[in-house]
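Visitor: sequence first, then the predicted structure, then my questions.
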Amino acid sequence: MAKNFDVVVIGGGPGGYIAAIRAAQLGFNTACIDEWKNAKNGPAPGGTCTNVGCIPSKALLQSSENFEHAGHAFADHGIEVKGLSLNLGQMLARKDNVVKQNNDGILYLFKKNKVAFFHGRGSFVKSGSDGYEIKVAGAAEETLVAKHVILATGSNPRALPNAPFDEKLILSNTGALAIDAVPKKLGVIGAGVIGLEMGSVWRRLGAEVTVLEALPAFLGAVDEQIAKEANKLFTKQGLAIQLGVKIGAVTAGKKDVTVEYTDSKGEAHKDVYDRLIVSIGRVPNTVGLNPEAVGLKLDERGAIVVDDECKTSLPNVWAVGDVVRGPMLAHKAEEEGVAVAERIAGQHGHVNFNTIPWVIYTSPEIAWVGKTEQQLKADGVAYKAGTFPFMANGRARALGDTSGMVKFLADAKTDEILGVHIIGPMASELISEAVVAMEFRASAEDIARICHAHPSLSEATKEAALAVDKRSLNF
Ligand code: FAD
Ligand code: NAI
């Protein structure tokens, strides 16, 4: 017999599970269907983010940074480490345990909020007068009928043509998070977020890493001044970054992968890597959803077509996160999930795309919100800029981590903050102040006049805001 729900969410990643919790909080009888399986074929809600994305990558970034600090940075603090060695098995097991804690946490939250969870694949069967009929196939075999459906089926890694992922030698993010021995030579195709984060992990653990990027500019979406600084620092750390390459044949052998490419000068190369990570973007996922059964409209990229409010082409069917337009970020998916649940309840859910922060968890971290300097120039906006280097920040000196800067961009007339860009220690945490400021449409002077704790990295934010008016106190 079919089970009836007010809201059925398909996909239990950050977009889906958060939408389900918010819908349940608002009093709807809610179900969430997710098909992700753990190593024992049990449920593993949390999607890409929890299982093979944000969480495991940050676990390995932390572990590998600890290893690098123990090997290189501790001596400067007067801590001598002898006989340092890497137990990669333990590092990977710890990462798996961090993932499991997050999976279990979501299952607990479903129980707490009375969200019915179904472990299996959800697909549309038909729409009728009661709502949408959805079949669940997998560990749970059920038919659900929903008045409202929220689609949050996420994305999949994009493969190179003629070089499918085997997750042994040619790796997507999934394989890149589970290499069982540090490769001597690691190739990375795509100097985007995944390429830089995973390239950093394996470099810190001892791999010789080459990153091959098609575009002539490094981190094109990042403020140019920050991207230039990042390129300099990552190259100094040992990442061999090649821009403007054209990838040719990629051939997996028995133990290694050969990559043929031409460099920016047109010279041909044939490199052999022990492992190759391909991180050239992701594609929206609607595999198994059976959108044709109900006539759900997809665009040419395979993304579900939605309007500004995440409404699809069908009444009472909504879609959020990586499977729709906009940045592929967990917090963007979450915000859309909350907004949709609130709209179903007749409230005014809202997502401000201009204040979605971005973070790249390299060392130093890169974080930004709002417009870059090159965007303001292209848009013809008159602006003032202020920067402050961490070199001049007392807390950064005490930490022994003085690379990078904070940069403010403010409207030349009104002083409203238009963008904040950080490369440096804990940039991921520091950016929140800028997000709050921009949400409240603060001016640079507002931040400059707020008391910041001393000594703290956030003083660099205050100083960069002061620098907009050329009145830094410590630089
Ligand atoms: P997903 O997380 O992909 O979840 C979709 C879920 O739906 C999956 O569990 C899938 O199995 C399930 N599903 C799909 N179809 C069906 C179906 N028919 N029936 C049942 N279940 C189905 N973002 C950040 O903001 N910060 C980061 O630090 C970050 N790091 C990342 C690192 C890596 C290596 C990668 C790959 C991504 C990272 N991201 C990060 C991006 C982030 O993971 C995604 O933006 C986010 O997971 C999108 O959430 P979602 O809910 O839309 O989809
Ligand atoms: P990306 O879009 O960040 O970077 C892909 C890079 O590959 C680009 O620089 C692109 O120019 C390059 N590229 C594309 N085709 C190429 C080719 N044929 N040869 C060489 N280079 C090529 O995508 P990535 O790194 O795969 O990550 C996917 C998404 O996952 C990100 O856009 C982001 O939304 C999300 N993510 C977010 C993280 C975070 O927030 N910290 C961490 C990791 C991923």
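Guide: Now that the structure is in, tell me what you want to look at. Ligands and ions are numbered 1, 2, ... in the order given.

Visitor: how about the CA coordinates for stretch 209-217, as CSV?
Guide: The C-alpha trace of stretch 209-217 is given here as CSV (Å, rounded to 0.1, in the frame of the first residue of the first chain):
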residue,chain,number,x,y,z
VAL,A,209,52.3,16.5,-7.8
THR,A,210,51.8,18.0,-11.3
VAL,A,211,48.6,19.9,-12.0
LEU,A,212,47.6,20.4,-15.6
GLU,A,213,45.0,23.2,-16.2
ALA,A,214,43.4,24.1,-19.5
LEU,A,215,42.8,27.8,-18.9
PRO,A,216,45.6,30.3,-19.2
ALA,A,217,44.6,32.0,-15.9
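
Visitor: which residues touch that stretch?
Guide: With CB atoms under 8 Å, 6 or more residues apart in numbering as the test, stretch 209-217 has contacts from 185-191, 195-196, 199, 202-203, 227, 238-247, 259, 261, 264, 271, 273, 280. In short, each C-beta sits where N, CA and C put it, glycine included.

Visitor: excluding its backbone neighbours, what's nearest the single nearest residue of the stretch 101-250 of the chain relative to ligand 2?
Guide: Among the residues of the stretch 101-250 of the chain, Gly192 lies closest to ligand 2, at 1.7 Å counting by CB to the nearest ligand atom. The spatially closest residue to Gly192, leaving aside those adjacent along the chain, is Ser279, at 5.9 Å (CB to CB, 6 or more residues apart in numbering).

Visitor: need the contact list for the one you found.
Guide: Pro157, Ser172, Asn173, Ala176, Val188, Ile189, Gly190, Gly192, Val193, Ile194, Gly195, Met198.

Visitor: kindly report the same for Leu243.
Guide: Ala191, Glu213, Leu215, Pro216, Ala217, Phe218, Ser264.

Visitor: swap in 7 Å and give it another go.
Guide: By CB atoms under 7 Å, 6 or more residues apart in numbering, the contact set of Leu243 is Glu213, Leu215, Pro216, Phe218, Ser264.

Visitor: apart from its chain neighbours, what residue comes closest to it?
Guide: Sequence neighbours aside, Glu213 is the residue nearest to Leu243 in space, at 5.1 Å (criterion: CB to CB, 6+ apart).

Visitor: and what of Glu459?
Guide: His452 (4.9 Å).

Visitor: list the buried residues of stretch 1-19.
Guide: 3, 5-19 (16 or more other CB atoms under 10 Å).

Visitor: swap in stretch 116-131?
Guide: Applying a neighbour-count criterion of 16+ other CB under 10 Å, the buried positions in stretch 116-131 are Ala116, Phe117, Phe118, His119, Gly120, Arg121, Gly122, Ser123, Phe124, Val125, Ser127, Gly131.

Visitor: residues near Gly199, how many?
Guide: Gly199: 29 surrounding residues under other CB atoms under 10 Å.

Visitor: and Lys413, by the same measure?
Guide: Here the number of neighbours of Lys413 (other CB under 10 Å) works out to 9.

Visitor: for ligand 2, what are the nearby residues on the stretch 251-400 of the chain?
Guide: Within the stretch 251-400 of the chain, the positions near ligand 2 by CB under 6 Å from any ligand atom are Ser279, Ile280, Gly281, Arg282, Pro327, Met328, Leu329, Val359, Ile360, Tyr361.

Visitor: list the contacts for the last one?
Guide: Read that as Tyr361. Shown in contact with Tyr361 (CB under 7 Å, 6+ apart): Lys58, Leu61, Glu197, Ser428.

Visitor: which two among those residues are spaced furthest apart?
Guide: Glu197 and Ser428 (11.9 Å; CB to CB).

Visitor: skipping its backbone neighbours, what lies nearest Ser456 in space?
Guide: Of all residues beyond its chain neighbours, the one nearest Ser456 is Arg395 (5.3 Å), with distances taken as CB to CB, 6+ apart.

Visitor: so what's the residue count around that neighbour?
Guide: Residue neighbour count, defined by other CB under 10 Å, stands at 19 for Arg395.

Visitor: in three-state terms, label it for me.
Guide: Three states are possible here, and by DSSP: H, G, I helix; E, B strand; the rest coil the one that applies to Arg395 is helix.

Visitor: so who does it touch?
Guide: With contacts taken as CB under 7 Å, 6+ apart, Arg395 has the following neighbours: Pro455, Ser456, Leu457.

Visitor: how about Asp274?
Guide: With contact taken as CB under 7 Å, 6+ apart, Asp274 is in contact with Pro183, Lys184, Lys185, Leu186, Asp256.

Visitor: returning to what we had before: greatest separation within the contacts of Leu243: which pair is it?
Guide: Greatest spatial distance among those (CB to CB): Phe218 and Ser264, at 11.9 Å.

Visitor: the more surrounded of the two?
Guide: Neighbours were tallied for Phe218 and for Ser264 using other CB under 10 Å; the higher tally belongs to Phe218 (20 against 12).

Visitor: and the nearest residue to that one once chain neighbours are set aside, what helix or strand is that in?
Guide: Distances taken as CB to CB, 6+ apart place Asn231 nearest to Phe218, at 4.5 Å, with adjacent residues excluded. When elements are assigned from DSSP states H and E, Asn231 belongs to helix 224-237.

Visitor: can that helix be said to contact ligand 2?
Guide: No. Legend: contact between helix 224-237 and ligand 2 by CB under 6 Å from any ligand atom is lacking; minimum distance shown is 11.2 Å.

Visitor: report the next helix or strand after that helix in sequence order.
Guide: Immediately after helix 224-237, counting by DSSP H and E, sits strand 240-242.

Visitor: so what's the gap between that next one and the chain middle?
Guide: 22 Å (CA atoms, centre = their mean, to the nearest Å).

Visitor: which neighbouring elements make contact with that strand?
Guide: Under the contact criterion of 3 or more CB pairs under 7 Å, 6 or more residues apart in numbering; DSSP states H and E, strand 240-242 touches strand 208-212, helix 224-237.

Visitor: swap the cut-off to 6 Å and go again
Guide: Contacts of strand 240-242 with other secondary structure elements, assessed using 3 or more CB pairs under 6 Å, 6 or more residues apart in numbering; DSSP states H and E, are made with strand 208-212.

Visitor: what are the buried residues along the strand it packs on?
Guide: The neighbour-count check on strand 208-212 (16+ other CB under 10 Å) flags Glu208, Val209, Thr210, Val211, Leu212 as buried.
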